[in-house]
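*Asks:* attaching a predicted model along with its sequence, questions to come.
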Amino acid sequence: MIGGSHLVDFLLASMLIIIVPGPSVLFTLARGVAWGRAVAVLTVLGNSLGTLLLSMVIALGLGPLLSRSHTFSVVLQLAGGCYLLWLGYEALRHRHEHAKAMASREAMRPSNMHIVRQGFTVGVLNPKSLVFFAAVFPHFVDTTKGNDTLQLVIFGCIFSVMAFCSDGTWGLIAGTAREWLSGSASRLVALRTVGGCVMCALGTLIVVSALSS
C-alpha cells in the first residue's frame with residue numbers, strides 16, 4: 001500500500017516536525033506543570049485525537065482547499081491562537097483558586113472529559129499540524145501503490161501515534177517536575193501563572209504569525 005522508501009521518509013519528516021516544540025508540546029507542558037502527570041497524559045490523548053481528526057479531514061479533501069484559499073488557512077490559525085489566548089487568560093484569572101485546588105490534589109481538578117476536550121481543541125486547531133498535513137503529506141503519497149486517500153489516512157494515524165508518544169513523554173516530565181515543585185501555595189500560584197503566560201504568549205505568536213502571513 002505504501003512504498004518502503006516513502007514510509008521511511010515520512011517517519012523521518014514526522015519525527016522532525018514532532019520534536020520541534022509547538023502549540024501541542026507547550027500546552028502539554030503548561031498543563032503538566034499546573035495539574036500533574038495524569039492531566040498531562042489526558043491532555044495529550046485529547047490532542048492526539050484532534051490531530052488524528054485534522055489529518056483525516058486533510059486526507060478527505062481539505063488539503064486542496066487550504067492550498068487554494070489563503071484566507072481559510074488564516075482563519076483556522078486565528079481560531080487556534082484565540083483559543084490558546086482564552087485558555088491562558090482563564091488560567092491567569094483563576095490562578096489562586098487553581099493553586100488551592102492543586103494543593104488538595106483533587107478539589108476543583110478539571111474533569112477527565114473536560115481535559116480531553118481542551119486537548120482535542122488545541123490539537124484540531126494546531127497550525128503546525130495543519131500546515132504539515134496540507135503541504136507535506138501529499139509528497140509522501142506513492143501513486144503507484146493504490147488509493148491516495150487511504151495512504152493519507154494511514155499517514156495521519158502513524159503521525160498521531162508518534163505525537164502521542166512524544167508529547168506524552170514531555171507531559172510526564174512536566175508532571176513530575178510539578179510534583180517536586182508544589183511544596184507551597186505560592187509556588188503553585190507561580191506555576192499556574194507561568195502556564196497561563198506560556199499559553200497567552202503562544203496564542204499571541206500564532207495570531208501575529210497568521211495576520212502577517
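*Replies:* Happy to help now that I have it. Numbers count the residues shown, from 1 in each chain.
*Asks:* flag every buried residue along stretch 130-141.
*Replies:* Residues 130, 132-134, 137-138, 140-141 are the ones in stretch 130-141 that count as buried (16 or more other CB atoms under 10 Å). The way it works is simple: take the backbone N, C-alpha and C, and place the C-beta from them, glycine included.
*Asks:* what is the least confident helix or strand in the chain?
*Replies:* Scoring the helices and strands of the chain by mean pLDDT, DSSP states H and E places helix 63-68 at the bottom, with a mean of 58.
*Asks:* counting contacts, what elements does the next helix or strand after it pack onto?
*Replies:* Later in the chain than helix 63-68, the nearest helix or strand by DSSP states H and E is helix 70-93. When contacts are defined as 3 or more CB pairs under 8 Å, 6 or more residues apart in numbering; DSSP states H and E, helix 70-93 sits against helix 23-35, helix 63-68, helix 112-124, helix 127-135, helix 185-212.
*Asks:* out of those, which comes closest to residue 5?
*Replies:* Proximity to residue 5 (CB to CB) singles out helix 127-135 among the helices and strands packed on helix 70-93, at 19.6 Å.
*Asks:* pLDDT (mean, whole number) over that closest one?
*Replies:* Averaging pLDDT along helix 127-135 gives 70.
*Asks:* other SSEs contacting the top helix by length along the chain?
*Replies:* If you go by DSSP state H, the chain has its longest helix at helix 148-181. Contacts defined by 3+ CB pairs under 8 Å, 6+ apart place helix 148-181 against helix 4-19, helix 23-35, helix 37-57, helix 185-212.
*Asks:* show me what counts as buried in the longest one.
*Replies:* To tie it back to what came earlier, the one meant is helix 185-212. Those would be 188-189, 191-196, 198-200, 202-203, 206-207, 210, for helix 185-212 by 16+ other CB under 10 Å.
*Asks:* could you pull up the residues touching residue 155?
*Replies:* By CB atoms under 8 Å, 6 or more residues apart in numbering, the residues touching residue 155 are 2, 10, 55, 59, 137, 140.
*Asks:* and the pLDDT for it?
*Replies:* With respect to pLDDT, residue 155 has a value of 86.
*Asks:* please tell me how far it sits from residue 166.
*Replies:* Note on residue 155: its distance to residue 166, by CB to CB, to the nearest Å, is 16 Å.
*Asks:* now residue 175
*Replies:* Going from residue 175 to residue 166 by CB to CB gives 15 Å.
*Asks:* for the spatially most central residue of the chain, which non-adjacent residue is spatially closest?
*Replies:* Nearest to the geometric centre of the chain sits residue 24, at 2.5 Å (CA atoms, centre = their mean). Counting by CB to CB, 6 or more residues apart in numbering, residue 47 is the residue found nearest to residue 24 once chain neighbours are left out, at 5.1 Å.
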